[in-house]
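Engineer: The following comprises the amino acid sequence and a computationally predicted model.
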Amino acid sequence: MKRFSALLLMPFLLLFAAAGNADDYLKTIKEFSLTDHRGVTHTMEEYTDKDFVVMYIHGSGCPIARLSVPTFLSIRDDYQPKNIQFLMLNSFIQDDIPRIAKEAEDFKIDFPILKDADQSVARSLGVERTAEVFIIDPRTRKVLFRGPIDDSLGYETQRVNTEHNYLRDALDTVMAGGTVNINDIPDSKGCLVGFFLS
């Protein structure tokens, strides 16, 4: 009987553990004042009139980040008219504004790439790799989704057909007032973001 009771309790214990992990994984972005590659300063507070902010982790020279830019631009074109702001965040130690600006020009990135020089914004988000995307509520600054744009890119691999459009699906979910099941989202693949020793 005790063994049967333990088996019945196991799914609930796993559910609570998963929920706890999701809470730890989805953090709250700190308020910031960051300069983009064009010299314009941005804060999260200025986007409180937007329904959501989508922030993509950028890194100059990262192959996966470069390959995913066209898809990110396409999603921006579809969703920005729906009162959603799209940004990039660069926390690479080796990247300065001129290098980021050159990358933006070469890859036709036409929205702000914010330079997180002290990496404090990346730390607040729990950033690990480039090409990861965050959906943020600009009023509460809570992260509602983090993960890859889709499943088309991997390490030295590229799918012809995309099977899972994680970012599009997540945007549709939060716009409808729902909650993304973060346990169904795989880790992002990208270049490791190195951090200064604290």
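Structural biologist: Yes, it's here.

Engineer: how near is the residue nearest to residue 112 when sequence neighbours are not counted to residue 89?
Structural biologist: The shortest distance from residue 112 to any residue other than its chain neighbours is 3.9 Å, reached at residue 36 (C-beta to C-beta, 6 or more residues apart in numbering). Heads up, the C-betas are built off the backbone N, CA and C, glycines and all. Distance check for residue 36 against residue 89: by C-beta to C-beta, to the nearest Å, it reads 10 Å.

Engineer: Now do the same for the residue positioned nearest the centre of the chain: its pLDDT.
Structural biologist: Nearest to the mean C-alpha position of the chain, by C-alpha atoms, centre = their mean, lies residue 133 at 1.9 Å. If you check residue 133, the pLDDT there is 97.

Engineer: give the contact list for it.
Structural biologist: 54-57, 72, 145-149, 167, 188 (C-beta atoms under 8 Å, 6 or more residues apart in numbering).

Engineer: Then residue 110?
Structural biologist: Here residue 110 is in contact with 73, 104 (criterion: C-beta under 8 Å, 6+ apart).

Engineer: what's the spacing between it and residue 80?
Structural biologist: Shown here: residue 110 relative to residue 80, a distance of 11 Å by C-beta to C-beta.

Engineer: got any ranges where the protein has weak pLDDT?
Structural biologist: Along the chain, segments meeting pLDDT under 70 span 1-23, 153-162, 198.
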